[in-house]
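Novice: what's the 3D shape of this:
(4 chains)
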Number of protein chains: 4
Amino acid sequence: MRVTVFNEYLHELEDERVARVYPGGIHETLEAAIEDHVPGAIVRSATLREPEHGLPQAVVDDTDVMLWWGHKAHGDVSDAVAERVQRAVLDGMGLVVLHSGHLSKPFLRLMGTHGSLKWREADEKERLWNLQPAHPILEGVPDHVELEQEEMYGERFDVPEPDELLMISWFQGGEVFRSLMTWRRGLGRVVYFRPGHETYPTYHDPVVRRIVANCSTYAAARMRRDDSACPNPAALESVPNPGKEHVLKRS
Amino acid sequence: MRVTVFNEYLHELEDERVARVYPGGIHETLEAAIEDHVPGAIVRSATLREPEHGLPQAVVDDTDVMLWWGHKAHGDVSDAVAERVQRAVLDGMGLVVLHSGHLSKPFLRLMGTHGSLKWREADEKERLWNLQPAHPILEGVPDHVELEQEEMYGERFDVPEPDELLMISWFQGGEVFRSLMTWRRGLGRVVYFRPGHETYPTYHDPVVRRIVANCSTYAAARMRRDDSACPNPAALESVPNPGKEHVLKRS
Amino acid sequence: MRVTVFNEYLHELEDERVARVYPGGIHETLEAAIEDHVPGAIVRSATLREPEHGLPQAVVDDTDVMLWWGHKAHGDVSDAVAERVQRAVLDGMGLVVLHSGHLSKPFLRLMGTHGSLKWREADEKERLWNLQPAHPILEGVPDHVELEQEEMYGERFDVPEPDELLMISWFQGGEVFRSLMTWRRGLGRVVYFRPGHETYPTYHDPVVRRIVANCSTYAAARMRRDDSACPNPAALESVPNPGKEHVLKRS
Amino acid sequence: MRVTVFNEYLHELEDERVARVYPGGIHETLEAAIEDHVPGAIVRSATLREPEHGLPQAVVDDTDVMLWWGHKAHGDVSDAVAERVQRAVLDGMGLVVLHSGHLSKPFLRLMGTHGSLKWREADEKERLWNLQPAHPILEGVPDHVELEQEEMYGERFDVPEPDELLMISWFQGGEVFRSLMTWRRGLGRVVYFRPGHETYPTYHDPVVRRIVANCSTYAAARMRRDDSACPNPAALESVPNPGKEHVLKRS
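Specialist: Got it, this is the predicted structure:
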């Protein structure tokens, strides 16, 4: 399994409160989580300020599942790279969108919605409830997971109906949130997993790490194929007018 | 109910075979279908070559449900208008995408997928099977509907899982197709209905007309609201650090 | 719209704490909620201790949507009546299952699952979040609804994936719950709405009453037809062996 | 992976046309299909006329996934065994229901619907279209699969909306059918796969065999746990009245 962790990697460089929590960058912590849980995984990272954000076509082509963490600079991701990631998903690549990635370009292109939600940073408690203990993503995950401090995300989360709703969060301040969901898009699988604000040690939590790794394994490509074309096959059964001339002449 | 029928309106002007079937344009036929079935509906049309394709913001704002027929010139629809239609759907407007609209910009923006499919024009028979006779869109629609000649569309249709799958087509040449589906996007409802190739009199068929009208009624906006923002509400319950300063300072 | 409200009607007669909240029985309060919101609705009630629980075939046949409230005596509902209600739903009738009806026989027959959940009665606050403000059931319902005191129901709620998830509850004690869901079964629609414990004045709350009425309108039968048989139609197209003798001879 | 293949095993003994196609019984052919594709699988069979139909509690407990083929004697399956299988699925066991098993007791208990459909035996061609080539069940399965002769099953198939729709069949006589679907029930996974009429050599087809094996692997239990009880946990957060006496006293 070839995993590419995209991290915006700005907060960690610009704010010492974040740097203290993730000294090597959020990507380094996520990479370790996957390596710990997926023996043999080949993991690399990509960050915003690299050329093509570290995601040239060759890297994307060599990726079975991509993780995406971004927050303050979604607009700085080039449309070309966002489209490249979208197309890779349609071709079969997995995409695991984390936390503030709900406003990232690749996610919004794949969802078609605003991705909007309520938010609040107040050091409050989050408790994620496990709705499908038999799902592969929740293998080894208990009935509920508590995070002592997290940013709050509240409904209505403006996304399409998920194919699978796996966890719902309770927040101390009174909100709820669909925190773990999956959608098929084309031949690929998109997973959204909510926790992971940059000022909290969420990705050091052992259960969160396990879920992130499970998401990656679940979403990883099983095949890769460009299905963007509309083929014009001959009929398999007899039809009245197999050689008919088509009206369409593109002006 | 305020209905706007968008029609590309090129085939009818450029090809006499199409003009014979739809002398006033496909939009005129669709408008009549709605007027026949929805008493009191206020129906207008919009076509590609009008300024802003006949879809300036004021028209979109004044529309509860939009029908979309396009085929040969999807690329000529401006990105601004495509985004305007997408946003209107997220705000609550209904969108009924017809036939070759599967490759239209508004539909693809809302789906996030290629919208690709197999196709063939060979005067073959299509038979649409009714999977949910109790659904409002299929009110008055029999067990199956036969169209003596239609263009074939075959699976795999590259779209997200629908919220509702209402009809499946059988084609003489050996293919099948999910021909009537709905998806919620934001506060709006998208419906895709397959039949309607420009060289066949499909939109003159009484059952097809009824389905088109039912789609429109079903998808029509029940509310309209811009939910693109991410609000930052105060907590409803006591939280540890309600006045916390947020790290995010957009560079 | 013909509505039948089934209420077990035991708690109100046996416990004065309940009788104080619902002196005429929970059914009387629910009936009034529907009459207030659905002009012209024909509403009647049925209770456990009546012959056939007030649900003889003629009453069920004359019902477009049934509400079901039961709690302590699910086992006393006869299998014949439970099957009658199940079949009516498959034939097109709507069924709105309320609160502790999650363990009622008709609901479990239609879901095929245990219907199990966590529960606690501790006078705690419930806040229901509105996930689909444009859905007909949530017409006129605000962003969230607060009930000062309710019984807690917590996930995992053992039900099939809903067709629509409309509200999620937050509970003061730390749990969450999918509180408003719909499923199509056969030609009918099942709705589950969580609140309504017998010791709290929940069904006197104006927003709850509106939701209950909206559920009823949404689920009400659009048609009624027995589709239990497996027809053996002649082929619509030419087949190799139309008169073939079938092996099946029931022993 | 421990697999139990239930086969009614009557047609093969009673009708020589069937015996010629499946001399060792349909179960033997299905067992071989799984053994061929799933190295290390432990496969056994169970048939209707054995005590408890070969499905005593110990066998069911020792089964990760059960296949079910039945046709003419669904009514002879005891309710106790049907409930045992249903509960095993809710506890996590996989169930792969084949062909005429659409009317079997375990399937109907899990679906809650009639399971009705149209049927015709006329030696006609079936072509199954692959809607999700990246799904594990369709690994190694081409764009479409042709069966030269099969029984026709036609829509409307009276089942709940599937979680996943994977294949749709085209039939020579003019019908279509959702031929491969999955539903989660409790902690278990139910798969329905249409082909397999007793008079045709369908289960000798290499692609069909692969799909049957893939279904089994996909549905096989990942965990096993009885979740039928409704726990009454203490609150995780402070609540107003943690020791409140509950009204419910079962009469």
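
Novice: please make it C-alpha for all contacts and neighbour counts, starting now.
Specialist: Will do.

Novice: in this structure A:Ala219 contacts A:Arg189, no?
Specialist: Yes. Counting by CA atoms under 8 Å, A:Ala219 touches A:Arg189, with 5.2 Å between them.

Novice: you'd agree A:Val190 is up against A:Ala219?
Specialist: Yes. Contact criterion CA under 8 Å: A:Val190 and A:Ala219 qualify, at 6.8 Å.

Novice: shared neighbours, A:Ala219 and A:Arg189?
Specialist: A:93-95 (CA atoms under 8 Å, 6 or more residues apart in numbering or on different chains).

Novice: export those residues to a markdown table and tack on neighbour count and secondary structure?
Specialist: A markdown table is the format used below for the shared contacts of A:Ala219 and A:Arg189 (neighbours: other CA atoms under 10 Å in any protein chain shown; DSSP: H, G, I helix; E, B strand; the rest coil):
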| residue | neighbour count | secondary structure |
| --- | --- | --- |
| A:Met93 | 30 | coil |
| A:Gly94 | 31 | strand |
| A:Leu95 | 32 | strand |
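
Novice: any idea which of these is closest to B:Val81?
Specialist: Set against B:Val81, the nearest of the shared contacts of A:Ala219 and A:Arg189 by CA to CA is A:Leu95 (29.2 Å).

Novice: for the closest one, list the residues it contacts.
Specialist: A:65-68, A:89, A:188-191, A:216, A:219-220.

Novice: ditto for A:Ser100
Specialist: A:69-71, A:194, A:197.

Novice: repeat the analysis, applying 6 Å as the threshold.
Specialist: By CA atoms under 6 Å, 6 or more residues apart in numbering or on different chains, the contact list for A:Ser100 reads A:His71.

Novice: repeat that for A:Lys118.
Specialist: For A:Lys118, the contact set (CA under 6 Å, 6+ apart) comprises A:153-154, B:230-232.

Novice: switch to 8 Å and redo it
Specialist: A:Lys118 touches A:152-157, B:230-233, counting by CA under 8 Å, 6+ apart.

Novice: what about these, which are in strands?
Specialist: Judged by DSSP state E, the subset of the contacts of A:Lys118 located in strands is A:152-154.

Novice: state the mean pLDDT of stretch A:58-66.
Specialist: For stretch A:58-66, the mean pLDDT works out to 98.

Novice: for stretch A:117-132, that is, sorry about that
Specialist: The predicted model assigns stretch A:117-132 a mean pLDDT of 98.

Novice: now swap in stretch A:220-229 and tell me
Specialist: pLDDT averaged over stretch A:220-229 gives 96.

Novice: measure it end to end?
Specialist: Taking CA to CA, to the nearest Å, the first and last residues of stretch A:220-229 lie 23 Å apart.

Novice: any idea how far it is from the middle of the chain?
Specialist: Mean-position distance between stretch A:220-229 and its chain equals 17 Å (CA atoms, centre = their mean, to the nearest Å).

Novice: same question, stretch A:222-239
Specialist: Worked out by CA atoms, centre = their mean, stretch A:222-239 lies 29 Å from the chain centre.

Novice: just the contacts of A:Lys118 now: which is nearest B:Leu110?
Specialist: Set against B:Leu110, the nearest of these by CA to CA is A:Phe157 (16.1 Å).

Novice: return the residues in contact with the closest one.
Specialist: A:115-118, A:177-178, C:131.

Novice: same thing but at 10 Å, please
Specialist: A:102, A:113-118, A:177-179, B:186, B:227, B:230, C:131-132 (CA atoms under 10 Å, 6 or more residues apart in numbering or on different chains).

Novice: note down every partner strand of the longest strand that chain A contains and its orientation.
Specialist: If you go by DSSP E, chain A has its longest strand at strand A:118-130. Strand A:118-130 has the following strand partners under DSSP bridges: strand A:144-154 (antiparallel), strand A:164-171 (antiparallel).

Novice: next, see if stretch A:210-229 gets close to chain B.
Specialist: Yes. Residues of stretch A:210-229 contacting chain B under CA under 10 Å from any CA of the partner chain: A:226-229.

Novice: pipe the residues you listed into TSV and attach distance to C:Val247 per row.
Specialist: Converted to TSV, the residues of stretch A:210-229 next to chain B look like this (distance: CA to CA, whole Å):
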residue	distance to C:Val247
A:Asp226	46
A:Asp227	43
A:Ser228	46
A:Ala229	45
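
Novice: let me have those residues in TSV, adding secondary structure and neighbour count as columns.
Specialist: Output for the residues of stretch A:210-229 next to chain B, formatted as TSV (DSSP: H, G, I helix; E, B strand; the rest coil; neighbours: other CA atoms under 10 Å in any protein chain shown):
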residue	secondary structure	neighbour count
A:Asp226	coil	14
A:Asp227	coil	21
A:Ser228	coil	16
A:Ala229	coil	11
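
Novice: ok, which pair from those residues is furthest apart?
Specialist: A:Asp226 and A:Ala229 (7.8 Å).

Novice: now do the shared contacts for those two.
Specialist: B:His114.

Novice: A:Val190 and A:Ala219: who's more crowded?
Specialist: A:Val190 (29 against 25; other CA atoms under 10 Å in any protein chain shown).

Novice: check which helix or strand covers the more buried one.
Specialist: strand A:188-193 (DSSP states H and E).

Novice: if you count contacts, what does the helix or strand following that strand end up packed against?
Specialist: Counting by DSSP H and E, the element after strand A:188-193 in chain order, helix or strand, is helix A:206-219. The contact analysis (3 or more CA pairs under 10 Å, 6 or more residues apart in numbering or on different chains; DSSP states H and E) places helix A:206-219 against strand A:2-7, helix A:26-37, strand A:65-69, strand A:94-98, strand A:144-154, strand A:176-185, strand A:188-193.

Novice: same list, these, but as CSV with distance to D:Ser78 please.
Specialist: What follows is the helices and strands packed on helix A:206-219, written out as CSV (distance: least, CA to CA, whole Å):
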stretch, distance to D:Ser78
strand A:2-7, 50
helix A:26-37, 45
strand A:65-69, 47
strand A:94-98, 45
strand A:144-154, 39
strand A:176-185, 39
strand A:188-193, 41
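
Novice: most widely separated two among the contacts of A:Phe157?
Specialist: Spanning the widest gap among the contacts of A:Phe157 are A:Ser179 and B:Asp227, at 19.4 Å by CA to CA.

Novice: leaving out sequence neighbours, find the closest residue to A:Asn241.
Specialist: Closest residue in space to A:Asn241, ignoring its immediate chain neighbours: B:Ala122 at 4.5 Å, by CA to CA, 6 or more residues apart in numbering or on different chains.

Novice: just A:Arg120 next, same as before
Specialist: A:Met152 (5.0 Å).

Novice: so how many other residues sit close to A:Leu248?
Specialist: Neighbour tally, A:Leu248, other CA under 10 Å: 11.

Novice: that one: which element?
Specialist: Per DSSP H and E, there is no helix or strand for A:Leu248.

Novice: so who does it touch?
Specialist: Residues counted as contacts of A:Leu248 (CA under 10 Å, 6+ apart) are B:11, B:15, B:71-72, B:198.

Novice: and if you look at A:Val60?
Specialist: With contacts defined as CA under 10 Å, 6+ apart, A:Val60 is in contact with A:3-4, A:54, A:66, A:81, A:84-85, A:87-89, A:93.

Novice: among these, which are in reach of chain D?
Specialist: Applying CA under 10 Å from any CA to the contacts of A:Val60, none is adjacent to chain D.

Novice: pick out the one among those with the largest number of neighbours.
Specialist: A:Val89 (32 neighbours).

Novice: correct me, but it touches A:Met111?
Specialist: No. Counting by CA atoms under 10 Å, A:Val89 sits too far from A:Met111 to count as a contact (11.9 Å).

Novice: which residues do these two both contact?
Specialist: A:185, A:190, B:113.

Novice: turn those residues into JSON lines, including pLDDT and distance to chain C.
Specialist: Formatted as JSON lines, the shared contacts of A:Val89 and A:Met111 follow (pLDDT from 0 to 100; distance: CA to the nearest CA, whole Å):
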{"residue": "A:Arg185", "pLDDT": "98", "distance to chain C": "19"}
{"residue": "A:Val190", "pLDDT": "98", "distance to chain C": "19"}
{"residue": "B:Thr113", "pLDDT": "98", "distance to chain C": "22"}
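
Novice: okay then, goodbye and thanks.
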